[in-house]
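Trainee: only geometry, no sequence info:
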């Protein structure tokens with residue numbers, strides 16, 4: 001059964017950190033790029049970051065550059081999003097998704113994990 005399962009979300013104070021995980025099963029994880037997306041209430045979904053299949057190339061939304069780091073462990077079929085210096089505007093549901101390459105259509109999606117940044 002094909003699955004992407006996110007975890008690691010929660011409530012954190014401004015300036016805090018969270019590490020999101022995206023566990024994959026049911027497909028050849030190492031053949032796919034992994035993207036992290038977020039959607040806040042009343043806003044469009046936006047791509048936060050993407051990592052290619054080998055992990056050698058990454059992309060970031062300008063507003064998270066220097067604060068977020070995407071990575072993957074192909075041996076564990078898992079991708080990560082380390083989020084530091086969190087701001088209230090980072091509050092959203094975060095999803096991971098798999099695509100042949102970053103910037104192409106995403107074939108598989110996780111159910112999402114809520115991140116809330118608030119004091």
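Mentor: Yep, it's here. In this text, all values refer to a predicted model and were calculated from it rather than measured experimentally.
Trainee: okay but residue 30 is in contact with residue 73, surely?
Mentor: No. Here residue 30 lies out of contact with residue 73, judged by Cβ atoms under 8 Å, at a distance of 10.2 Å. In this view, the C-beta of every residue, glycine as well, is placed from N, C-alpha and C.
Trainee: which SSE is the residue nearest to the spatial centre of the chain in?
Mentor: Residue closest to the mean C-alpha point of the chain, counted by Cα atoms, centre = their mean, is residue 36 at 2.8 Å. Residue 36 belongs to strand 33-39 when assigned by DSSP states H and E.
Trainee: In the next helix or strand after that strand, which residues are buried?
Mentor: Per DSSP H and E, the first helix or strand lying C-terminal to strand 33-39 is strand 46-51. Within strand 46-51, the residues that qualify as buried are 47, 48, 49, 50, 51, counting by 16 or more other Cβ atoms under 10 Å.
Trainee: Go ahead and name everything in contact with the lowest-mean-pLDDT helix or strand in the chain.
Mentor: Least confident helix or strand, the chain: strand 108-109 with a mean of 92, by mean pLDDT, DSSP states H and E. Under the contact criterion Cβ atoms under 8 Å, 6 or more residues apart in numbering, strand 108-109 has outside partners 2, 4, 24, 27, 32, 95, 96, 97, 98.
Trainee: Each with direction, which strands does it pair with?
Mentor: strand 92-99 (antiparallel) (DSSP bridges).
Trainee: what does the partner strand contact?
Mentor: By Cβ under 8 Å, 6+ apart, strand 92-99 touches 4, 6, 9, 20, 22, 24, 27, 29, 32-40, 43, 45, 48, 50, 79, 81, 105-115.
Trainee: Put the buried members of the residues you listed into a PyMOL selection.
Mentor: Selection of the buried residues among these in PyMOL, burial being defined by 16+ other Cβ under 10 Å:
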select buried, resi 4+6+9+20+22+24+29+32+33+34+35+36+37+38+48+50+79+81+106+108+110+112+113+115
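Trainee: List the contacts of residue 105.
Mentor: Residue 105 neighbours (Cβ under 8 Å, 6+ apart): residue 99.
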